[in-house]
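Chemist: fold the following.
(2 chains)
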Amino acid sequence: MFQRLALQGFGGVLPVAHKELVEREQWLSGEEFVELLALSQVLPGPNIVNLALIFGDRHFGWRGALAGVAGLLTVPLLIVLVLAAMYRQFAAQPQVTGALRGMGAVAAGLVVSTAIKLSATLKNSVMGVGLAAAFGLATFVAVGLLRWPLVWAVLGIGGVSMAIAWWRLTRASRS
Amino acid sequence: MSGWAMLGMHGLGWLDLAQLCGHFMLLSLLAVGGAITTAPDMQRYLVQQRGWMTADDFTAAVAIAQSAPGPNILFVALMGWQAAGLAGVVATMTGIMLPSSIIALSVGRYGRRRAQSLPMRAFTGGMVPITLGLLVSTGWLLAAPMREHAMAWVLVLGTAVVAARTRISLLWMMGVGAAVGAMGWV
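Modeler: Next up is the predicted model:
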């Protein structure tokens, strides 16, 4: 399963992971997926590997975690090594570099489309759609446009966002 | 750098390999937001401090791994390959994966046991919007090299809309991107 996922993932596996796990196999709801991703993102290490580990472990135990990571890495590793061996010839071809740029643009669009699909989960946010969307936008401005280091974006914006979520949750449980 | 010479250890001893693995283990713990965030330090260690690869080889390794299928983390395998062949791949990949994987598994299990607790619900509630913002940022940065081409904007936005609205296979969209790029339009 994670092998099929890895092979399709030119320029990033995440959109493919969402399509397969949520839309095709329906092993996860959109909300579960984005929660898993949130956790994978703040932990050290590659996001998609963390996601495969945690997902595999929850559904199939530690063997599932191992299988998830092995499937994700084995075949692409071989392909990358072969590509590296051929790199000298293939880097000189303008069609090849052009094709890679075109695929890069599509990969960028796919990541954005994953964000669009997952934004539906904001409707159920504990802090309300408006505020949640504002925090998402602030993160994009800080990391995408202003190029803040990720740690500061997560600690700063994420810290405020989590504090508000905490406050709303305690208030809701009291009333 | 060709053929069977790549399979050897390039004259590196076991101690070198252990140090290589150890250095990547350290980076693994620092790699919040993906391994690519530690690439500057890898460059410093492999190219400047150890002289195990040239700066050109380093940049090429990152570019190859980004353009190939599979997780981007594989650029770390290429670093190991160029420094010390297959033994190097094992050293760098074990180093970068093992510490973070152990943490991910333990935190994942802890988070599941405590899923309904207040801290966990505040964490996911607060972090989900941040995660979405980071996704859009990733798309923005992936498109960075071609932002001055109008056709690239068409590709990025077209893909985003088509992929969000329809169930067309992602491979077809990649094919369109490759064809448009091969014509020299982006």
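Chemist: near chain B at all, the longest helix along chain A?
Modeler: Scanning chain A for the longest helix, with DSSP state H as the assignment, gives helix A:47-90. Yes: using Cβ under 8 Å from any Cβ of the partner chain, we find that helix A:47-90 touches chain B at A:47-50, A:53-54, A:57-58, A:62, A:65, A:69, A:72-73, A:75-77, A:79-81, A:83-85, A:87. For every residue, glycine as well, the C-beta is placed using N, CA and C.
Chemist: past the lowest-mean-pLDDT helix or strand in chain B, which element shows up next along the chain?
Modeler: When each helix and strand of chain B is scored by mean pLDDT, DSSP states H and E, helix B:55-67 comes last, with a mean of 77. Under the assignment DSSP states H and E, the closest C-terminal helix or strand after helix B:55-67 is helix B:75-113.
Chemist: so what secondary structure elements neighbour that following helix?
Modeler: helix A:30-42, helix A:47-90, helix B:14-30, helix B:39-43, helix B:55-67 (3 or more Cβ pairs under 8 Å, 6 or more residues apart in numbering or on different chains; DSSP states H and E).
Chemist: run a quick neighbour tally on the closest residue in space to residue B:91 that isn't next to it in sequence.
Modeler: Closest residue in space to residue B:91, ignoring its immediate chain neighbours: residue B:21 at 4.1 Å, by Cβ to Cβ, 6 or more residues apart in numbering or on different chains. By the measure other Cβ atoms under 10 Å in any protein chain shown, the count of residues near residue B:21 is 20.
Chemist: residue B:21 contacts residue B:89, correct?
Modeler: No: Residue B:21 is beyond contact range of residue B:89, at 11.0 Å (criterion: Cβ atoms under 8 Å).
Chemist: what's the burial count for residue 98?
Modeler: Reading this off chain A. Neighbours of residue A:98 using other Cβ under 10 Å come to 19.
Chemist: that answer is for a different chain, and I need it for chain B
Modeler: By the criterion of other Cβ under 10 Å, residue B:98 has 15 neighbours.
Chemist: could you do residue A:161 as well?
Modeler: 29.
Chemist: my guess is residue B:176 contacts residue A:105. True?
Modeler: No: using Cβ under 8 Å, residue B:176 makes no contact with residue A:105, being 10.1 Å away.
Chemist: the two: which is more packed in?
Modeler: residue A:105 (30 against 17).
Chemist: which ones are touching the residue lying closest to the more buried one once chain neighbours are set aside?
Modeler: Leaving aside its sequence neighbours, residue A:105 sits nearest to residue B:155 (Cβ to Cβ, 6+ apart; 4.0 Å). Contacts here follow Cβ atoms under 8 Å, 6 or more residues apart in numbering or on different chains; on that basis residue B:155 touches A:102, A:105, A:106, A:109, B:176, B:177, B:180, B:186.
Chemist: do you know the pLDDT at the second one?
Modeler: Residue A:105 carries a pLDDT score of 85 in this model.
Chemist: how is chain A partitioned into domains?
Modeler: A:2-123, A:125-175 (automatic domain parsing).
Chemist: next one: the longest one to chain centre, how far?
Modeler: Which is domain A:2-123. Between the centre of domain A:2-123 and the centre of its chain there are 7 Å (Cα atoms, centre = their mean, to the nearest Å).
Chemist: if we can go back for a sec, can I get the contacts of residue B:155 in TSV with secondary structure and distance to residue B:73?
Modeler: Compiled in TSV, the contacts of residue B:155 are given as follows (DSSP: H, G, I helix; E, B strand; the rest coil; distance: Cβ to Cβ, whole Å):
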residue	secondary structure	distance to residue B:73
A:102	helix	23
A:105	helix	22
A:106	helix	21
A:109	helix	22
B:176	helix	27
B:177	helix	22
B:180	helix	28
B:186	coil	26
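Chemist: counting neighbours, which of these comes out on top?
Modeler: Neighbour counts for the contacts of residue B:155, by other Cβ under 10 Å, peak at residue A:106, which reaches 33 neighbours.
Chemist: wait, it touches residue B:157, no?
Modeler: No: judged on Cβ under 8 Å, residue A:106 makes no contact with residue B:157 at a distance of 11.0 Å.
Chemist: count of neighbours near residue B:168?
Modeler: 11.
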